[in-house]
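Chemist: okay, sequence plus prediction incoming.
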Amino acid sequence: MKFKVEAMNLSERLGLIQGIAERRATMPVLSHVLVSSSKDKLELSVTDLETAMSASCGAAVLKEGSLAIPARKLYEIVKELPQGEIEFEAIGNHWVQLRTPSATFKIAGLPSEDFPAIPELSSEHLFSVESSVIDDMITKTIFAVSPDDLRRNLAGIYFQKTGKHNLRLVATDGHRLSFVERDVKSEVKLGRGVVVPKKGVAELRKIVKIAENISIGFGKNFFIAEGDGTILIVRLIDAEFPDYNQVIPEVTKSSFHVKQGEFLSALRRVSILSSDKTKSVKVTLNKGEMTLVSVSPELGEAKEVVPIEFTGDSIELGFNARYLMDVLEVIGEETVHMGITDELSPAVIKPVGEQVYISVIMPMRV
Amino acid sequence: MFFKNIIGHEFQKKALIRTVRESRISHAYLFFGPDGIGKRLISVEFAKILNCLRGESITEEVSKGERCDCHSCKKIEKGIHPDVFFVEYKGIKNIRVDQIREEVEERLFLTPFEGRFKVAIVDEAERMNPNAQNAFLKTLEEPPPDSVIILISSRPEALLPTIRSRCQLLEFRGLSEEIMLKEFRKRTDLSPDEAWVAVKLSGGSLGKALGLDKNVLSERKEIILKLSEINPKYASQVLGFVESMPTGSSSEDLEKLMFVFEIISAWLRDLVLIKIGFDEDHLSNRDLVSPIRKLAEKWSVDNILDKMKFLENAWYAVFRMNANKQIVLENLVLKIAE
């Protein structure tokens, strides 16, 4: 392996992907970046066995080959090098030599065969999506992903095809559920629904930031996203997502509209005086107004009235304010529709308008 | 082509190959049997079969051909396959819940990375504390698809019955004495008599035979001869013998002392065998036939059995109850010389 590459170029690419390389040395090769040179470009890959990322950059390849090089060390060196060309050369025994006009580094690497085989997906399985669309869909669901270790099938976002061009994302932790559906313009190539782990989705947002349009696709065991030469591969969760449709109430007994901004800031203020653990806030609905109350014996009490359009019977429910705030923060619509049935049935929050976004929140007993 | 480097266990090898060939792979196995007989090696080979890139080779005769050199098999051999992972007791107290959660469950709940199956191998499974075992139950009962969990244990009775009942059991027996002797002599340069003692003392475990302390093994003859000749009336003889024993508290000394106990026990057994009329081939100490015969004439069977009982109690006192080794050994020598 021998090639010349622009320091800036390499450092930028490495910076993007090296975060995945594992620090814990469960398997030494996982802290390495696989560098392969072929034809006129360089392929860089890292993986922690849950997610894998690879990026390519142009290089003058003198001899093809590949080698696993400690990711962090390589990045730290390349980052500090002045602009200009670096020459890489494999010098035997899995060592690599880096040379600039003034400096030489020799780094001990590992054989490329030791590196886990990064799966590939042919381009026919990929479909393109606008970055802003997918980013928005993730923002609207990721907060509801279960942090619970024991319910692995909920530990990610469920991707589902609901129409030729329609992609639906669902996340739930058993107390709340978020559901968003968008027309992604191109044909959604996805068979059965799959659960993409939270960590992988978080990595996806990195790619979304660097490219305007990305291509995504689903293999048997993988989710793959590609944008601007960077490829992300995420292992799927090997479990069934529950039938979430059962949880979403079709009709609610009463409903009202409320201004998103007013509701959110009132909740923020009132919840300051609720206990940190439960964040419970009592919501009382009366004709034309909603009263938010939080009482906690050791902290104090708060009460605020928010005007709403409500004509039903008076009702009193308890909510975890955090759950309501999470939804209101991302809903992206000025007026919000909230549907309720009784103290124990799930409440539904939707934006008023075209967007397909539903959030279901279980009330709590107060 | 698989199992080539593993001696014996023909039935178990065939059974495992058959499950793969007939696609009746169980989601959980418990490999049990004495330590050091190749359970772990077999589990690694099984993982290779499950993930071999030349899948068709499974239908071939197992013994034929060279070892597979596909990427998957090579990686498993080196212990760097992303889908085959080991959970081991790391010399702390035992295998804890966190280890089971992090090292098994978190990895099993993702789809395979490059292989067909995710294989989790839990070595010394009885080291899992009760909490870890209980935490494991749910996964063990119904692991995610494409998962195979292999528990390895030399003391399956120490596992919860609920764990055992969730696994397909596969028992491994010790190797036969002929195979052991052949392999043992191939790998060491001991005399045939000494090799025989090592084989006899290790109960079918090649690993144990190879791990025996060579120094103590070479002193065996001397230890036995000395013991046979001690006169309990002379304190200096008794004390002298005990002094030559490794009575330190380091793990190395403990191991040596345990070995000495085993040597004494084998010698007493030889005496009993001679008394009740077995021929010399059955003895562990084939090179000490005449001194053993001489002693056998002096001692009655009941007397020897009594000594064996005493030896067993002494073993418990030293290795399980932390008694004073010096005193226990002196008592033991007095009893034996009686």
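Modeler: Nice, I can see it.
Chemist: domains for chain B, by residue range?
Modeler: B:10-171, B:213-337 (automatic domain parsing).
Chemist: chain A is nearest to which of those?
Modeler: Closest of those to chain A is domain B:10-171, at 3.4 Å (criterion: C-beta to the nearest C-beta). In short, each C-beta sits where N, CA and C put it, glycine included.
Chemist: start and end of that closest one, how far apart?
Modeler: End-to-end span of domain B:10-171 (C-alpha to C-alpha, to the nearest Å): 12 Å.
Chemist: format the domains of chain B as a markdown table; extra columns: mean pLDDT, mean neighbour count and distance to chain A.
Modeler: Formatted as a markdown table, the domains of chain B follow (pLDDT from 0 to 100; neighbours: other C-beta atoms under 10 Å in any protein chain shown; distance: least, C-beta to the nearest C-beta, whole Å):
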| stretch | mean pLDDT | mean neighbour count | distance to chain A |
| --- | --- | --- | --- |
| domain B:10-171 | 85 | 18 | 3 |
| domain B:213-337 | 87 | 16 | 27 |
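Chemist: from residue A:215, how far out is residue A:125?
Modeler: Per C-beta to C-beta, to the nearest Å, residue A:125 is found 9 Å from residue A:215.
Chemist: residue A:10 too?
Modeler: Distance of residue A:10 to residue A:215, given as C-beta to C-beta: 24 Å.
Chemist: higher neighbour count, these two?
Modeler: residue A:10 (24 against 18; other C-beta atoms under 10 Å in any protein chain shown).
Chemist: point out the residues in the stretch 1-150 of chain A that sit beside chain B.
Modeler: By C-beta under 8 Å from any C-beta of the partner chain, the residues of the stretch 1-150 of chain A that approach chain B are A:27, A:29, A:49-50, A:113-114, A:116-117, A:119, A:149.
Chemist: flag every residue of the stretch 151-300 of chain A that's near chain B.
Modeler: A:152, A:155, A:197, A:220-222, A:235-239.
Chemist: quick one: buried ones out of the residues you listed?
Modeler: Taking 16 or more other C-beta atoms under 10 Å in any protein chain shown as the criterion, what is buried in those is A:152, A:155, A:197, A:221-222, A:235-239.
Chemist: surely residue A:180 forms part of a helix?
Modeler: No: applying DSSP: H, G, I helix; E, B strand; the rest coil, one finds residue A:180 to be strand, outside a helix.
Chemist: you'd agree it is up against residue A:168?
Modeler: Yes: Residue A:180 sits in contact with residue A:168 when judged by C-beta atoms under 8 Å, with a separation of 7.0 Å.
Chemist: and the pLDDT at the nearest residue to residue B:287 once chain neighbours are set aside?
Modeler: Nearest residue to residue B:287 in three dimensions, chain neighbours excluded: residue B:193, at 4.1 Å (C-beta to C-beta, 6 or more residues apart in numbering or on different chains). Here the pLDDT value assigned to residue B:193 is 82.
Chemist: can you tell me the SS state at residue B:193?
Modeler: Applying three-state DSSP: residue B:193 is helix.
Chemist: and stretch A:127-137, how far from the chain's centre?
Modeler: Mean-position distance between stretch A:127-137 and its chain equals 12 Å (C-alpha atoms, centre = their mean, to the nearest Å).
Chemist: hmm, I was thinking of stretch A:274-284
Modeler: Stretch A:274-284 sits 28 Å away from the centroid of its parent chain (C-alpha atoms, centre = their mean).
Chemist: for that stretch, give me every contacting residue.
Modeler: Defining contact as C-beta atoms under 8 Å, 6 or more residues apart in numbering or on different chains, one finds that stretch A:274-284 is touched by A:267, A:270-271, A:290-296, A:298-299, A:302, A:314-322, A:324, A:364, A:366.
Chemist: of these, grab the buried ones for PyMOL.
Modeler: To isolate the buried ones among the contacts of stretch A:274-284 in PyMOL, judged by 16+ other C-beta under 10 Å, type:
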select buried, chain A and resi 267+270+271+290+291+292+293+294+295+302+315+317+318+319+320+321+322+324+364+366
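Chemist: next step: the contacts of stretch A:274-284 restricted to helices.
Modeler: Judged by DSSP state H, the contacts of stretch A:274-284 include A:267, A:270-271, A:321-322, A:324 as members of helices.
Chemist: can you add pLDDT and give those back as a markdown table?
Modeler: Below are those laid out as a markdown table (pLDDT from 0 to 100):
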| residue | pLDDT |
| --- | --- |
| A:267 | 94 |
| A:270 | 94 |
| A:271 | 92 |
| A:321 | 93 |
| A:322 | 93 |
| A:324 | 94 |
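Chemist: burial of the residue of the stretch 251-366 of chain A found nearest chain B, as a residue count?
Modeler: In the stretch 251-366 of chain A, the residue found nearest to chain B is residue A:277; the distance is 23.9 Å by C-beta to the nearest C-beta. Residue A:277 has 8 neighbouring residues, counting by other C-beta under 10 Å.
Chemist: may I have the secondary structure class of it?
Modeler: Of the three states, residue A:277 takes coil under three-state DSSP.
Chemist: tell me how far it lies from residue A:294.
Modeler: 13 Å.
Chemist: repeat that for residue B:151.
Modeler: 51 Å.
Chemist: check contacts around residue 110.
Modeler: Just so you know, I chose chain A. Per C-beta under 8 Å, 6+ apart, neighbours of residue A:110: A:28-29, A:32, A:67-68, A:94.
Chemist: wrong chain, I was asking about chain B
Modeler: A:50, A:197, A:235-238.
Chemist: one more time with 6 Å
Modeler: residue A:235 (C-beta atoms under 6 Å, 6 or more residues apart in numbering or on different chains).
Chemist: show me what it is bridged to.
Modeler: Residue B:110 forms beta bridges with residue A:237, as assigned by DSSP bridges.
Chemist: and the one 10 residues further on, by the same measure?
Modeler: Counting by DSSP bridges, residue B:120 is bridged to residue B:85, residue B:149.
Chemist: touching, it and residue B:149? I think so.
Modeler: Yes: in this structure residue B:120 lies within contact range of residue B:149 using C-beta atoms under 6 Å: 4.9 Å.
Chemist: quick check: residue A:184 touching residue A:167?
Modeler: Yes: between residue A:184 and residue A:167 a contact is recorded at 5.1 Å, counting by C-beta under 6 Å.
Chemist: out of these two, which sits in the busier spot?
Modeler: residue A:167 (23 against 19).
Chemist: check what pLDDT that one gets.
Modeler: Residue A:167 carries a pLDDT value of 94.
Chemist: ok, now how distant is it from residue B:144?
Modeler: Taking C-beta to C-beta, one finds residue A:167 at 25 Å from residue B:144.
Chemist: which residues in the stretch 101-250 of chain A form strands?
Modeler: In the stretch 101-250 of chain A, the strands defined using DSSP state E, counting those that start in this stretch lie at A:104-108, A:126-130, A:156-161, A:166-172, A:176-183, A:194-197, A:213-218, A:222-227, A:230-235.
Chemist: the fourth one pairs with which strands?
Modeler: Take DSSP bridges as the rule and strand A:166-172 pairs in its sheet with strand A:156-161 (antiparallel), strand A:176-183 (antiparallel).
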